[in-house]
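Chemist: sharing a sequence plus its predicted fold:
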Amino acid sequence: MENFIALVTKPDNVPIVAILFLIPYFIWLSYRQARQTDKTGVPSDAALNDKVYVWPYLCRNEFICAIIVMLVLGVWSIMIDAPLEEPSDPTKTPNPSKAPWYFLALQEMLVYFDPWIAGVVLPGLIIAGLIAIPYIDINPKGKGYYTIKERPFALAVFCFGFIILWIVLMVVGTFLRGPGWNFFAPWEKWDPHLVVPLTNVNLSYLFGIRDAPTANFFGFFVVAGYFAIGPIFYLWKRKSSHFLQELGLVRYIVVSFLFLTMLALPIKMVLRVVLNVKYIWVSPWFNI
Amino acid sequence: MNEERKGLKEKITNSDIWRSIFRHGYEQTGRRYTLQVLQNVWLHLHPPRISRHALNFRFTWCMGGITFLMFLVTAVTGVLLMFYYRPTAEYAFHDVQYLEFDIPFGMLLRNMHRWAAHGMVISVMLHMFRVFLTGSYKKPREFNWAVGVILLLVTFFLSFTGYLLPWDQLAFWAVTVGTNMARATPVLGHEGPFAPQDITQSNDVRFALLAGTIVGPSTLLRFYILHCVAVPLLASVLMALHFWRVRKDGGISGPL
């Protein structure tokens, strides 16, 4: 428990503790407005275009908001001192060695994937995927108001990515990881000598494949088969689905690739936790 | 009562003393309100008029504005901090100690800089969340969303480069852990897949970031310049673009 309390009260972790309250609050706030819209109907273009003068109305709001935020920041800065530890020493590695809180979702992904995926490819795809959002979401509805009914798929995918894969992983990385990046429940004491038996095996091994070339082919087929779900679904539904025809082939390829890549993370997490799977595909050049 | 007050107000504003100080009253017309914004260098990034829903705190959460405010706070406090800080391995840590213990309000200055930076990371993430939930990235605002994503990255990078500057254990190891991943960059990192033979730890992408094979004095200088000059400049340019496009695309959200 004392280790957990130390983490919660660490000055640098104030933002992530604040996030624990802010995220649920803003989800509740937006959910309430979305339900209101879905019940009473979408605001008309005329209502959305109803204009007011920036001066004094917006400037007044900005001024009030700035004063409140500066007050909060002022109190925060007077009450809590920024941390300063011992001088840097390359020969003394702290355990655990954690990145700043906003990178801990990425550090947490390192448990499940090799650094070239968790540290380079996935962050790159997150950025590319975020930039792609307006170009692949062709639904013209839900512009300028909160709604659930008009864009359930887009909301579900984004909220899953943002809340579960970013915020929750960040919280787990901050509060529940101890020495050796082992998992410690809040009430557990950190044991720096804790030995967790590494009984992880590759997926091919679970299927009884013992030699490397066959395992390589097996892994290739599993990964390729997983990403083939996209094209197969397209070929199956393209005739009957009005939505797929409107989306077009190029957009569909991007959407299905990004979607399957995003789901690959929770799938790998489940495989690791439940079946102790280390790698899905072991090749002479890289492991996935 | 109201009539009485009105009469009193007129009596005061019509008095010789009042009129000798104030030449005329504040004209409350649309023309006056428009000019107030257009003729003010600080306000002219605003359009003269905006949609009514863009005033609603419950709708906007005010997060974009807070992010900009946090940027301004870090810029002002950052400039003040630069007076007391030398980005060399011999001095950096002791300069921070000196700042904390001997400079009047030095600790407060450092706290404000650090907490505003953390606040900016929170508010920029919540801003993105709000923009998504209200569908404000949809046509014609696609490009501005892309600029926003780059600004999110720039915010992370600003915060990360600043993390090293106190040169204490926290800074050193957080940056060591953070930059170690660059070793594994495919093709460009010496431990990454498909790295060519001549990519070694002293010429790969991590070396370019650290200016060395481990976090050292040259890393400190490199991160200092990135943190204080290069990235803030980039952020300023992108922010100007971001705000300008909000205006040109017809406000923060809704149909054009």
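Modeler: Alright, I've got the coordinates.

Chemist: after the helix or strand residue B:4 falls within comes which helix or strand?
Modeler: Element membership for residue B:4, per DSSP states H and E: helix B:2-13. Using DSSP H and E, the helix or strand that follows helix B:2-13 towards the C-terminus is helix B:16-21.

Chemist: what's that following helix in contact with?
Modeler: When contacts are defined by C-beta atoms under 8 Å, 6 or more residues apart in numbering or on different chains, helix B:16-21 is touched by residues B:12, B:13. C-beta: built from backbone N, CA, C; applies to glycine.

Chemist: swap in 6 Å and give it another go.
Modeler: The contact list for helix B:16-21 (C-beta atoms under 6 Å, 6 or more residues apart in numbering or on different chains) reads residue B:12.

Chemist: also stretch B:82-96?
Modeler: A:87, B:99, B:103, B:166, B:167, B:217, B:220, B:221, B:224.

Chemist: against chain A, how distant is residue B:64?
Modeler: Residue B:64 sits 10 Å away from chain A, taking C-beta to the nearest C-beta, to the nearest Å as the criterion.

Chemist: show the contacting residues for the closest residue to that residue other than its chain neighbours.
Modeler: Distances taken as C-beta to C-beta, 6 or more residues apart in numbering or on different chains place residue B:127 nearest to residue B:64, at 4.8 Å, with adjacent residues excluded. Under the criterion of C-beta under 6 Å, 6+ apart, the contact list for residue B:127 reads B:63, B:64, B:67.

Chemist: and which of the residues you listed is nearest residue A:287?
Modeler: residue B:67 (39.0 Å; C-beta to C-beta).

Chemist: surely the closest one is in contact with residue B:125?
Modeler: No: between residue B:67 and residue B:125 there is no contact, the gap being 9.4 Å when judged by C-beta atoms under 6 Å.

Chemist: any common contacting residues for the two?
Modeler: Common neighbours of residue B:67 and residue B:125 (C-beta under 6 Å, 6+ apart) do not exist.

Chemist: ok, now how distant is residue A:77 from residue B:119?
Modeler: As for residue A:77, its distance to residue B:119 is 10 Å (criterion: C-beta to C-beta, to the nearest Å).

Chemist: show me what the helix or strand residue A:22 falls within is packed against.
Modeler: Following DSSP H and E, the helix or strand that holds residue A:22 is helix A:14-40. Helix A:14-40 makes packing contacts with helix B:106-133 when contacts are defined by 3 or more C-beta pairs under 6 Å, 6 or more residues apart in numbering or on different chains; DSSP states H and E.

Chemist: the helix it packs on vs helix A:14-40, what angle?
Modeler: Using axes from the mean of the first three to the mean of the last three C-alpha atoms, to 10 degrees, one finds that helix B:106-133 and helix A:14-40 are set 30 degrees apart in direction.

Chemist: for helix B:106-133, the distance to its chain's centre please.
Modeler: Here helix B:106-133 is found 8 Å from its chain centre; the criterion is C-alpha atoms, centre = their mean, to the nearest Å.

Chemist: just the helices in the stretch 151-256 of chain B please.
Modeler: Taking DSSP state H, counting those that start in this stretch as the criterion, the stretch 151-256 of chain B carries its helices at B:169-180, B:205-210, B:217-225, B:231-248.
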